[in-house]
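**Q** A structural model of the following input is requested.
(chains A, B, C and D)
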Protein chains: 2
Amino acid sequence: MNKSSNISTSVIKRLPRYYRFLGDLMQSGISRISSRELSERMGLTASQIRQDLNCFGGFGQQGYGYNIVQLHNEIGTILGLDNVKKVVLIGAGNLGRALATHMTFGAKGFQLIGIFDSKPSLTGQIVRGMPIRHTDGLDEFCRENLPQVAVLCLPKSGARDIATQLIALGIKGFWNFSHYDFSVEFPNIVVENVHLGDSLMTLCYNVEHKGK
Amino acid sequence: MNKSSNISTSVIKRLPRYYRFLGDLMQSGISRISSRELSERMGLTASQIRQDLNCFGGFGQQGYGYNIVQLHNEIGTILGLDNVKKVVLIGAGNLGRALATHMTFGAKGFQLIGIFDSKPSLTGQIVRGMPIRHTDGLDEFCRENLPQVAVLCLPKSGARDIATQLIALGIKGFWNFSHYDFSVEFPNIVVENVHLGDSLMTLCYNVEHKGK
DNA sequence: TAGATTGTTAATCGATTAACAATC
DNA sequence: TAGATTGTTAATCGATTAACAATC
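**A** The predicted structure is shown next:
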């Protein structure tokens, strides 16, 4: 396990945002930027930007700043976007279908290779050019196609069993929209939780208490 | 502005999760729990739970623990879930429609009252029992119905103008799925960002570096 | 060379954890 | 009363910010 394995999650969570801002700057034709100017555009401190980047290497140049194209590439590499990971999506309800249709997995280091649902009535429906498969075929599909990542868009009740099954099949990471909580049973599995309900409640609190 | 306005965001972000766990415990018929037992179920320290709760008041009882129903209610009140906020959703693409159909706004302190899109071809389509309205009518609709919150499900390009318009119309909080960044132009507006692309890139990094 | 800006160390700030007296 | 567990203070840990020497 290399040096980058002990980078703090605070830093890692900021990397995609740097990547996005640098991408936008790239497109606007600017070729270099100082940590100070980037900090103003992003609403951070220049110090934090320099600290963050120096976790991974010295990408800047004294007296000059950072080369935008180069830094954008570096961050993309750090994030692992060029190393494509195969993804299966479990749960083809509204949310699952929206993600399948709407997300550009390709630009983020992923390739969606299969969509599954336990509801027989959905089997065979076409979403983003691929048929929804029944979860009965999940084992076989994974053994053949070796996905590394799964998106969970199903109710809490079903999520635990599917997660256990998928981990046994070699899935290394989950994009988890369900309310199933991996942390107790599988503390070492990589999970990125997206709890939309929690997010909405946080918003509720802030509107209530911080709203002008 | 009351005492709760200087609660740290770390604490606030944990409240919805407490609320969910307590709701589950409630349904399983347990009536009391100690911080130690809750900490084991949630994968936190007991100390953190007690610290968090004591930001808002002493809800426990020495030698006994916490009454689950009571604590669940208290946290609901703290989150402001019983004070319903009217919501408009802007952008009825895949994601917008999925959220409109899939989210139980009601259980989280919100009521969806209108769905808008700038694409004339969508106008009049029914989503969750209500017609998609054209954004031309947004001003009038807001003046009549006084929503306090907006969900932004549109591309970055359109988001800035709509956000500015909505703020002028009295919108106090945004659930922002767009890539528009409020922090520089509107640092004091309440915004809950859900950047699905960023989340996916974070997952990419972690699969790459932390995967066993 | 002089000016600018990084990389990096040190100082500060905030969040988490540990400890324990208060008390049910 | 004895045991359990909170509320709260103190200690630790980690993240952010400030400062500045190195250097382009």
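
**Q** please make it C-alpha for all contacts and neighbour counts, starting now.
**A** Will do.

**Q** surely residue A:153 touches residue A:94?
**A** No. Using CA atoms under 8 Å, residue A:153 is not in contact with residue A:94, being 9.0 Å away.

**Q** which residues are contacting stretch A:105-124?
**A** A:80-92, A:100, A:130-136, A:138, A:147, B:197, B:200-201, B:204 (CA atoms under 8 Å, 6 or more residues apart in numbering or on different chains).

**Q** make a PyMOL selection of the buried ones in the residues you listed.
**A** To isolate the buried ones among these in PyMOL, judged by 16 or more other CA atoms under 10 Å in any protein chain shown, type:
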select buried, (chain A and resi 80+81+82+84+85+86+87+88+89+90+91+92+100+132+133+134+135+138+147) or (chain B and resi 197+200+201+204)
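
**Q** which residues sit against the helix or strand that residue A:197 is a member of?
**A** For residue A:197, the host element (DSSP states H and E) is helix A:196-210. By CA under 8 Å, 6+ apart, the residues outside helix A:196-210 that reach it are A:177, B:1-2, B:4-5, B:12-13, B:15-17, B:78-81, B:103, B:108-110, B:172-175, B:190-192, B:194.

**Q** buried members of those into ChimeraX, please.
**A** Only the buried entries of the contacts of helix A:196-210 go into this ChimeraX selection, using 16+ other CA under 10 Å:
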select /A:177 /B:12,13,15,16,17,78,79,80,81,103,108,109,110,172,173,174,175,190,191,192,194
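
**Q** in helices only, show me the contacts of helix A:196-210.
**A** B:12-13, B:15-17, B:78-79 (DSSP state H).

**Q** I'd like those as CSV, with pLDDT and distance to residue B:119 appended.
**A** Formatted as CSV, the ones in helices among the contacts of helix A:196-210 follow (pLDDT from 0 to 100; distance: CA to CA, whole Å):
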residue, pLDDT, distance to residue B:119
B:12, 98, 37
B:13, 98, 35
B:15, 98, 38
B:16, 98, 35
B:17, 98, 37
B:78, 97, 39
B:79, 97, 35
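
**Q** now tabulate those residues in TSV and tack on distance to residue B:35.
**A** What follows is those, written out as TSV (distance: CA to CA, whole Å):
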residue	distance to residue B:35
B:12	18
B:13	18
B:15	14
B:16	17
B:17	14
B:78	19
B:79	20
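
**Q** spatially, which two of those residues are the most separated?
**A** Within those, B:17 and B:78 form the most distant pair, 13.3 Å apart (CA to CA).

**Q** mind listing what residue A:17 touches?
**A** Taking CA under 8 Å, 6+ apart, we find residue A:17 in contact with residue B:198.

**Q** how close does it get to DNA strand C?
**A** Look at residue A:17 and DNA strand C: by CA to the nearest atom of the strand, to the nearest Å, they are 17 Å apart.

**Q** element containing residue A:116, please.
**A** Using DSSP H and E, residue A:116 falls in strand A:110-117.

**Q** could you give the angle of that strand to helix B:196-210?
**A** Counting by axes from the mean of the first three to the mean of the last three CA atoms, to 10 degrees, strand A:110-117 lies at 100 degrees to helix B:196-210.

**Q** the helix-or-strand element of chain A with minimal mean pLDDT: how far from the chain's middle?
**A** Least confident element among the helices and strands of chain A, by mean pLDDT, DSSP states H and E: helix A:182-185 (a mean of 91). Offset of helix A:182-185 from its chain centre (CA atoms, centre = their mean, to the nearest Å): 19 Å.

**Q** buried residues in it?
**A** In helix A:182-185, counting by 16+ other CA under 10 Å, buried: residue A:182.

**Q** same thing with stretch A:140-150?
**A** By 16+ other CA under 10 Å, the buried positions in stretch A:140-150 come out as A:141-142, A:146-150.

**Q** which residues sit against that stretch?
**A** Applying CA under 8 Å, 6+ apart, the contact partners of stretch A:140-150 are A:85-90, A:113, A:166, A:169-175.

**Q** could you redo the last one with a cut-off of 6 Å?
**A** Stretch A:140-150 is contacted from outside by A:86-89, A:171-174, using CA atoms under 6 Å, 6 or more residues apart in numbering or on different chains.

**Q** between which two of those is the distance greatest?
**A** Largest separation among the contacts of stretch A:140-150 by CA to CA: A:89 and A:172, giving 13.8 Å.

**Q** which residue is most remote from the mean position of chain A?
**A** No residue in chain A sits farther from the centre than residue A:63, which is 34.7 Å out by CA atoms, centre = their mean.

**Q** any idea how far that residue is from residue A:18?
**A** Look at residue A:63 and residue A:18: by CA to CA, to the nearest Å, they are 21 Å apart.

**Q** and residue A:37, by the same measure?
**A** Look at residue A:37 and residue A:18: by CA to CA, they are 13 Å apart.

**Q** who has more neighbours out of the two?
**A** Each of residue A:37 and residue A:18 has its neighbours counted (other CA atoms under 10 Å in any protein chain shown); residue A:18 has more, 19 against 13.

**Q** what does the domain assignment say about chain A?
**A** As recorded under automatic domain parsing, the domains making up chain A are A:3-78, A:85-199.

**Q** can you say which of those domains is packed in most?
**A** domain A:85-199 (a mean of 18; mean count of other CA atoms under 10 Å in any protein chain shown).

**Q** that domain near DNA strand C at all?
**A** No. Using CA under 7 Å from any atom of the strand, domain A:85-199 never reaches DNA strand C; the gap is at least 13.7 Å.

**Q** quick one: end-to-end distance for that domain.
**A** End-to-end distance for domain A:85-199: 27 Å, by CA to CA.

**Q** and if you look at stretch A:102-117?
**A** Chord length of stretch A:102-117, first to last residue, is 18 Å (CA to CA).

**Q** not counting residues beside it along the chain, what's closest to residue A:136?
**A** residue A:118 (7.5 Å; CA to CA, 6 or more residues apart in numbering or on different chains).

**Q** now do the phi/psi pair for that neighbour.
**A** Note on residue A:118: backbone dihedrals following degrees, to the nearest 10 are phi -90, psi -10.

**Q** measure it to residue A:205 for me?
**A** The value you get for residue A:118 to residue A:205, if CA to CA is used, is 36 Å.
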